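Trainee: Let's see this in three dimensions:
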Amino acid sequence: MTARDLMLARLAATPRMLRELIADVAGDAGSRAPAPGEWSIVEVVRHLVEGDRDTFLPRLRRMLTEMRPTFDKRAPVLGDATDLPTLAAAFASAREQALKRLLGLDEAGWRREGVSPSRGLLDVHTYATTMDAHDTEHLRQVQDVRATLGLRPKRCEARAPLPLDTLVAALAGAPARLAAVVAGLDESQRRRRPRPGEWCVNEVMGHLLHVETEAFLPRLRRMRDEEAPSFEAFTPEPWARERDHGVDPFEASLAGFERVRRETLTLLDTLPPGAPERPGVSRHFGPMTLAQYATHVADHDLEHLAQLADCRRAATA
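Mentor: Numbers count the residues shown, from 1 in each chain. Take a look at the predicted model:
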């Protein structure tokens, strides 16, 4: 894929990543500013709506139909809905319309120009590239606010990779944390579901072994070795349906997970220079770097450690 292809794929993935980042923001949390003078999640998402719907899309239309138009400075638009789902839907609609125009362009279309009040003369390619960077800036801003709210990290959705040394340390500690959170539970407790339809301890541990073996490690290898490999969206449902994984022994799954995790850590420890920035393209995340995907592995550990803690509370109640 060319750099432009990757840019377009990121632009297309942003509405989905935004929905992922706000899906668990409940009640008035979305309107809560992390500190005085800083934006809440609602304000960040409203800014994204205004950036696409009220600025990028109308200016793009003019660039493609007029000869080098000059744009006025945009005045704030009042009256946008404050609920996050409505704002996210408005952003997705505007982005879809912009992408329809961008995806149909020939090379001459990408070179068409306009004059921005803040950036001066720029062509369509440059403008789209700035919107790609704008997306990443504000997805990361949402993740930062999530952290102040105590919500679990979704750093791959926010395109916010951890530094490699921090990442390796986090991944290396996972097996011990998994063992600790279920220590002292007997087999019947490890098979007890917190609620109907939810996974028990044994199933969670079996899932962690399965995804490390079948998805995380193979994909990290491909991103290291191939040029922008593409991945289908991964779903655990077929694995969960194939048989009752509640009978899988926890210790055996944990030992298998620890073995595969050591291979993952070896891969990260021996990456050549520049490899953390090598791209892959996920049907779920869109384009991402190897470091971003490895950060998703660390966040996935945290998600299921919390799930195991929930299982423990239910099993010992």
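
Trainee: CA atoms for contacts and neighbours, from now on please.
Mentor: Fine.

Trainee: my read is G114 is in a strand, agree?
Mentor: Yes: counting by DSSP: H, G, I helix; E, B strand; the rest coil, G114 is found in a strand.

Trainee: Report how many residues lie close to it.
Mentor: By other CA atoms under 10 Å, 23 other residues sit near G114.

Trainee: How confident was the prediction at the residue nearest to it when sequence neighbours are not counted?
Mentor: Among residues not flanking G114 along the chain, R68 sits closest, at 4.5 Å (CA to CA, 6 or more residues apart in numbering). pLDDT, the model's per-residue confidence, is 96 for R68.

Trainee: pretty sure R68 is touching G120, no?
Mentor: No: taking contacts as CA atoms under 8 Å, R68 lies outside contact range of G120: 11.1 Å.

Trainee: More neighbours: which of these two?
Mentor: Higher neighbour count among R68 and G120: R68, with 16 against 10, using other CA under 10 Å.

Trainee: May I have the secondary structure class of D24?
Mentor: Assigned by three-state DSSP, the conformation of D24 is coil.

Trainee: State the distance from it to L162.
Mentor: Distance of D24 to L162, given as CA to CA, to the nearest Å: 22 Å.

Trainee: Compare the two and say which one has the larger neighbour count.
Mentor: The residue with more neighbours, out of D24 and L162, is L162; 19 against 13, by other CA under 10 Å.

Trainee: residues in contact with the more buried one?
Mentor: A291, Q292, T295 (CA atoms under 8 Å, 6 or more residues apart in numbering).

Trainee: Show me what M288 bridges to in the sheet.
Mentor: Here M288 shows beta-bridge partners G280, assigned using DSSP bridges.

Trainee: Report the buried residues of the lowest-mean-pLDDT helix or strand in the chain.
Mentor: Using mean pLDDT, DSSP states H and E, the weakest-scoring helix or strand in the chain turns out to be helix 237-242, at a mean of 78. For helix 237-242, the neighbour count (16 or more other CA atoms under 10 Å) marks no residue as buried.

Trainee: contact partners of that helix?
Mentor: Counting contacts by CA under 8 Å, 6+ apart, no residue outside helix 237-242 touches it.

Trainee: my read: G280 touches P287, true?
Mentor: Yes: judged on CA under 8 Å, G280 makes contact with P287 at a distance of 5.7 Å.

Trainee: shared neighbours of the two, anything?
Mentor: With CA under 8 Å, 6+ apart, G280 and P287 have no common neighbours.

Trainee: What segments of this protein are helices?
Mentor: Applying DSSP state H to the chain gives helices spanning 3-22, 41-49, 57-65, 84-103, 107-110, 124-149, 164-172, 174-181, 187-190, 201-211, 217-225, 237-242, 250-269, 290-316.

Trainee: Save these as a markdown table, and put in distance to R74 too.
Mentor: Listed next are those as a markdown table, based on distance: least, CA to CA, whole Å:
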| stretch | distance to R74 |
| --- | --- |
| helix 3-22 | 22 |
| helix 41-49 | 12 |
| helix 57-65 | 11 |
| helix 84-103 | 17 |
| helix 107-110 | 23 |
| helix 124-149 | 16 |
| helix 164-172 | 40 |
| helix 174-181 | 49 |
| helix 187-190 | 58 |
| helix 201-211 | 47 |
| helix 217-225 | 41 |
| helix 237-242 | 47 |
| helix 250-269 | 46 |
| helix 290-316 | 34 |
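
Trainee: mean pLDDT for those: which is lowest?
Mentor: helix 237-242 (a mean of 78).

Trainee: so which of the helices of the chain gets nearest P276?
Mentor: Across the helices of the chain, the minimum distance to P276, taken as CA to CA, is reached by helix 290-316, at 4.8 Å.

Trainee: Fine, thanks again, bye for now.
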